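Novice: sequence first, predicted coordinates after that:
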Amino acid sequence: QVQLVQSGGGLVQAGGSLRLSCTASVRTFSRYVMGWFRQDPGKEREFVAAISGNRVSTLYADSVKGRFTIFRDNDKSTVYLQMNSLKPEDTSLYYCAADRTMSRASLEYDYWGQGTQVTVSS
């Protein structure tokens, strides 16, 4: 069982930056692919970014490519999402997730954080 605890998020003006963190309670953290998703009310969960356990591979949604960076510190069992040049359309509830394989599909991820709100004002 993997427990994920998120921190970060909040309110920021358009063009600003935020960093989300997600810490896992598992010894074998480096064996897990970590992903970030976001979800608006009444909509499906949307893929944002993912990173392999060895940090070699990353995936990004086209909507965030060049603005968001996913990275991880395996010694701290933590994955981060650095969000720069934020836009009002980035406003959403953000979730971190863990799985054994790299995927953009939320259904592939077995473990989820509690979610954290990001609000970008115009």
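Specialist: Noted; the coordinates are in hand.

Novice: can you pull up the most central residue in the chain?
Specialist: Trp36 (2.4 Å; C-alpha atoms, centre = their mean).

Novice: in the sheet, who's paired with it?
Specialist: Note on Trp36: beta-bridge partners Ala49, Cys96, judged by DSSP bridges.

Novice: need the contact list for it.
Specialist: By C-beta atoms under 8 Å, 6 or more residues apart in numbering, the residues touching Trp36 are 20, 22, 48-50, 70, 79, 81, 94-97. To be clear about C-beta, it is placed using only N, CA and C from the backbone, and glycine gets the same treatment.

Novice: repeat that for 6 Å
Specialist: 48-49, 81, 96 (C-beta atoms under 6 Å, 6 or more residues apart in numbering).

Novice: again with Ser121
Specialist: Contacts of Ser121 (C-beta under 6 Å, 6+ apart): Gln13.

Novice: state the number of residues packed around Arg38.
Specialist: 22 (other C-beta atoms under 10 Å).

Novice: kindly report the same for Gly9.
Specialist: 20.

Novice: how far away is it from Asn54?
Specialist: Applying C-beta to C-beta, to the nearest Å, the value for Gly9 to Asn54 is 27 Å.

Novice: tell me the phi and psi of the closest residue to Glu44 other than its chain neighbours?
Specialist: Distances taken as C-beta to C-beta, 6 or more residues apart in numbering place Ser106 nearest to Glu44, at 7.6 Å, with adjacent residues excluded. Main-chain torsions, Ser106, degrees, to the nearest 10: phi -60, psi -30.

Novice: just the pLDDT at Ser106, thanks.
Specialist: With respect to pLDDT, Ser106 scores 96.

Novice: then Gln1?
Specialist: So, for Gln1, pLDDT stands at 86.

Novice: got it, and Arg31?
Specialist: 96.

Novice: now do the same contact list for the closest residue to it other than its chain neighbours.
Specialist: Spatial nearest neighbour of Arg31, excluding adjacent residues (C-beta to C-beta, 6+ apart): Gly53 at 5.3 Å. By C-beta under 6 Å, 6+ apart, the residues touching Gly53 are 30-32.
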